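Peer 1: Structure of the sequence below:
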Amino acid sequence: MRHNDFYKSLGLSSLIGSKRKMNKVLRLASFEPDFKYERKQDKKGRIYFDRYKYLGSGFGVSVQGYRHMRINKEGKKVEKHVVLGWGMFAEGHEDSAIANAFIDTDSEQLSYCFAEDAASCNAFEFRANNALEIVDRYKALADYDEVQDFEAGISKANVAMLMTFGTILLPVAKNESAINFRAQEEATMRELVSRARSGDIEAEEDLHQMAKKQEIDLRERLAHEDLLSVFEGYFLNLIEQSGIFSILADIHRVDEITNEASREKLYRLSVSVTGIKMTLYVNQEDIVGMPLEGMRIMGMGLLQGNVMFS
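Peer 2: Below you'll find the predicted structure:
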């Protein structure tokens, strides 16, 4: 699966099919960005940049390249922009608190952040859009100790999932007793994880026993119940170091938004899954059923976003 398989989630597929329309969007991103990150000028007079342009509420395109001064035919100094690549970005409804973060780069020079959601202690990964800024911050570090201190200080990220498709499902029926039990179980899990991180051996053993019991309970339920009733939600990494997940989540909020360049209609959904709050973007053509608050959504998507630095 390629990253361009997710362009339609933001209404970009029709733009990509038109060289004229796409060039117009990329020129706007390069010359009239809504926000940007730039390096200091290098020895050749080049200033490398990441520039971002909104195409709708919370999402848009980015361009990567450099700018430099040159002499035109009339002998005047003019600034030239050279675009080396482009991408897409989408923002979550709010920043997420994270812990135990580290960042890695693959063979295609794509950066990925691996972290834990601070509230639920669940591990996840996402493709980092602000790669140029991340690389510059790492380059400024003198040794491995400084790298460890730097990564320990990463406490926030803004992430959203770009979905290739989604199917709306009914919620699992739960009574008040079941809801309270689940909340208590999640609170116990968070406490044990926190203690285990601090080196508490008893907490590690309790977590192991808790996981074994949950596995036995699931096996017994799966023998008699429907899979989607047993699993109220899931968040499964499909390909290592890709940011691509299969997801089953509860819907808490539904926004209908539009790509202002292509006029394609999208849904932006605020959801929760296994204790993690998340924002999803999906093209209205690629969703089966009507998304409503209280329903569930099942599908696949690319988790991407920005590592936030203070």
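Peer 1: nearest spatial neighbour of residue 267, skipping sequence neighbours?
Peer 2: Using C-beta to C-beta, 6 or more residues apart in numbering and skipping the chain neighbours, the partner closest in space to residue 267 is residue 282 (5.2 Å). For glycine as for every other residue, the C-beta is placed from the backbone atoms N, C-alpha and C.
Peer 1: can you pull the contacts of the one you found?
Peer 2: Applying C-beta atoms under 8 Å, 6 or more residues apart in numbering to residue 282 gives the contacts 9, 162, 163, 165, 166, 266, 267, 269, 299, 301.
Peer 1: quick one: secondary structure of it?
Peer 2: For residue 282, the assignment made with DSSP: H, G, I helix; E, B strand; the rest coil gives strand.
Peer 1: Adding distance to residue 201 and neighbour count, write the contacts of residue 282 out as CSV.
Peer 2: As requested, those are exported to CSV (distance: C-beta to C-beta, whole Å; neighbours: other C-beta atoms under 10 Å):
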residue, distance to residue 201, neighbour count
9, 44, 28
162, 41, 27
163, 41, 24
165, 44, 16
166, 42, 25
266, 49, 27
267, 46, 22
269, 41, 26
299, 40, 21
301, 38, 24
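Peer 1: what about residue 14, how many neighbours?
Peer 2: Residue 14 has 16 neighbours, counted by other C-beta atoms under 10 Å.
Peer 1: so what secondary structure elements neighbour the helix or strand that contains it?
Peer 2: Assessed by DSSP states H and E, residue 14 sits inside helix 13-16. Helix 13-16 sits against helix 19-31, with contacts defined as 3 or more C-beta pairs under 8 Å, 6 or more residues apart in numbering; DSSP states H and E.
Peer 1: After the helix it packs on, which helix or strand is next?
Peer 2: Taking DSSP H and E, what comes next after helix 19-31 is strand 35-38.
Peer 1: Could you spell out the sheet neighbours of that next one, each with its direction?
Peer 2: If you go by DSSP bridges, strand 35-38 pairs up with strand 47-56 (antiparallel).
Peer 1: So what's the gap between the strand it pairs with and the chain middle?
Peer 2: The chain centre lies 18 Å from the centre of strand 47-56; the measure is C-alpha atoms, centre = their mean, to the nearest Å.
Peer 1: That one vs helix 19-31, what angle?
Peer 2: Per axes from the mean of the first three to the mean of the last three C-alpha atoms, to 10 degrees, the angle that strand 47-56 makes with helix 19-31 is 120 degrees.
Peer 1: Tell me how many other residues crowd residue 121.
Peer 2: As a burial measure, residue 121 scores 20 neighbours (other C-beta under 10 Å).
Peer 1: and the helix holding residue 14, which residues are buried?
Peer 2: For helix 13-16, a neighbour-count test (16 or more other C-beta atoms under 10 Å) marks 13, 14, 15 as buried.
Peer 1: just these now: which is nearest residue 191?
Peer 2: Taking C-beta to C-beta as the measure, residue 191 lies nearest residue 13 of these, at 45.6 Å.
Peer 1: what about the closest one, distance to residue 266?
Peer 2: Here residue 13 is placed at a distance of 12 Å from residue 266 (C-beta to C-beta, to the nearest Å).
Peer 1: try residue 134
Peer 2: 28 Å.
Peer 1: Please apply the same query to residue 142.
Peer 2: Note on residue 142: its distance to residue 266, by C-beta to C-beta, is 45 Å.
Peer 1: Reduced to three states, what does the closest residue to residue 194 other than its chain neighbours come out as?
Peer 2: Nearest residue to residue 194, sequence neighbours excluded (C-beta to C-beta, 6+ apart): residue 121, at 7.4 Å. The three-state label given to residue 121 by three-state DSSP is coil.
Peer 1: now swap in residue 138 and tell me
Peer 2: Once three-state DSSP is applied, residue 138 turns out helix.
Peer 1: what about residue 273, neighbour count?
Peer 2: 22.
Peer 1: That one touches residue 249, doesn't it?
Peer 2: Yes: using C-beta atoms under 8 Å, residue 273 is in contact with residue 249, at 3.7 Å.
Peer 1: which residues are common contacts for those two?
Peer 2: Taking C-beta under 8 Å, 6+ apart as the contact definition, residue 273 and residue 249 share the neighbouring residues 233, 235.
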